[in-house]
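Asks: Structure for the following, please:
(one chain, ligands or ions: 1)
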Amino acid sequence: MGKVGFISLLIAAIAVFLGERIANLRKRFQATQELETNHLPNCVFLPNLNHGSEDITILRNGLAFISSGLRYPGMPILDTVVGKIYVLDFNETRIKPIELRMPRNFDLESFNPHGISVYTDPNDGTVYLFVVSHPEHKTQIERFKFVEEDYSLVHLKTIKHELLHSVNDIVAVGVESFYATIDQYFVNEFMKGIVELILLQPWTTVVYYSPEEVKVVSDGYYFANGINVSPDQKYVYVADMADHNVHVLERKEDNGLAFVKSVAVGSLCDNLEVDPNTGDVWSGCHPNAWKLFFYDANNTPGSEVIQIQNILSDEPVVKQVYADDGKVLQGSSVATPYGNKLLIGTVFHKALICDLK
Ligand SMILES: *[C@@H]1O[C@H](CO)[C@@H](O)[C@H](O)[C@H]1NC(C)=O
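Replies: You can find the predicted model right below:
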């Protein structure tokens, strides 16, 4: 074969490979998915939250913590947006998010909050807030103490570890320990941004962290995203966004995780919240993640809230509770109920509070 013949063959082979990979990505991102709206009654936008409310977590007493201002690569958000943590008290008659006061010595400029988790110390009731942050595209976990009297945070520790790169979400299981999802395999920026999407292999993981031990405890995820625990702390739930399911894993004595089953959800689910009273799992999902990652202001990504009932039983029930085609709410990433209200947060858009039917 001549040189020209070889080069044309090579180009053709690359084109076939890329074509196949893009078709694969479109399928995993549900690129052709159109959604019928399924709205809830009495929805209102929450004031102050106009630059995302990527993750929300709620205490039993009705106090919700919200991370806002995530600058995630590829998302349509301005570099000038500032990361903030809000709280919202469901007991108030006029529900309004209030910005938490950050410590003076804390670098707010590079604060880029993503997944969050709260842990209440059973011994003294102290509330610890864990926040995944991405200063300069890196990952670190910020651990704070929450002071309810004046709605402020005291910074306790910055946690960095080579296994904790590209952390997406986190669930605290102790005063200083947590499980975290790692949503990318590669560490290098170019490999993460382009090659990882093209290959999209089940190479992402879940990591356990404690001051004594850091280890990978579960792997085989295409894009490990939301993570949470059952009310009795015995099971861990992990959303594999690009595989359209939620995995159920059992915690072992050594904090390892054993696969139990996966529940198909038919959507690209992001953060997971667990209702402490019913054990139901709630998620804000991306019905069409192609529209999210390749954003077009004229064809915006929609929102979908999924509730999984009886997740530990033989017959979990997967229900769509809310759906919007992107005209009202774009890119839902979390949903959490309290009483008869439902709070829905988004990656970079607004936050909605609705009545449950
Ligand atoms: C909200 O009200 C409930 C019931 O009265 C109470 O137990 C809880 O502590 C209150 N929460 C807050 C944050 O004040």
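Asks: buried ones in stretch 337-355?
Replies: By neighbour count on 16 or more other C-beta atoms under 10 Å, the buried set for stretch 337-355 is 337-338, 341-354. Every C-beta, even on glycine, is put in place using the N, C-alpha and C of the backbone.
Asks: out of these, which one sits closest to the ligand?
Replies: Comparing the buried residues of stretch 337-355 against the ligand with C-beta to the nearest ligand atom places Y338 closest, at 9.8 Å.
Asks: how far away is P73 from H165?
Replies: 14 Å (C-beta to C-beta, to the nearest Å).
Asks: neighbour-wise, which of the two wins?
Replies: When P73 and H165 are compared for neighbours, H165 comes out ahead with 18 against 10, by other C-beta atoms under 10 Å.
Asks: Around the ligand, pick out the residues from the stretch 101-250 of the chain.
Replies: Within the stretch 101-250 of the chain, not a single residue sits near the ligand (C-beta under 6 Å from any ligand atom).
Asks: mind listing the helices for the stretch 101-250 of the chain?
Replies: With DSSP state H, counting those that start in this stretch, the ranges of helices along the stretch 101-250 of the chain come out as 189-190, 196-199.
Asks: can you tell me which of those helices comes nearest to D169?
Replies: helix 196-199 (17.8 Å; C-beta to C-beta).
Asks: List the buried residues in the closest one.
Replies: 196-197.
Asks: May I have that helix exported as CSV, CA atoms only?
Replies: Listed next in CSV are the C-alpha coordinates belonging to helix 196-199 (Å, rounded to 0.1, in the frame of the first residue of the first chain):
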residue,chain,number,x,y,z
GLU,A,196,-12.8,10.9,28.9
LEU,A,197,-16.1,11.9,27.2
ILE,A,198,-15.2,10.1,23.9
LEU,A,199,-14.1,6.9,25.7
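Asks: and the residue positioned nearest the centre of the chain, what pLDDT?
Replies: Nearest residue to the geometric centre of the chain (C-alpha atoms, centre = their mean): N271, 3.5 Å. pLDDT, N271: 98.
Asks: Over to G266?
Replies: 97.
Asks: Please name the nearest non-neighbouring residue to it.
Replies: Nearest non-adjacent residue to G266, counting by C-beta to C-beta, 6 or more residues apart in numbering: H244, 6.0 Å away.
Asks: And for Y222?
Replies: A242 (3.7 Å).
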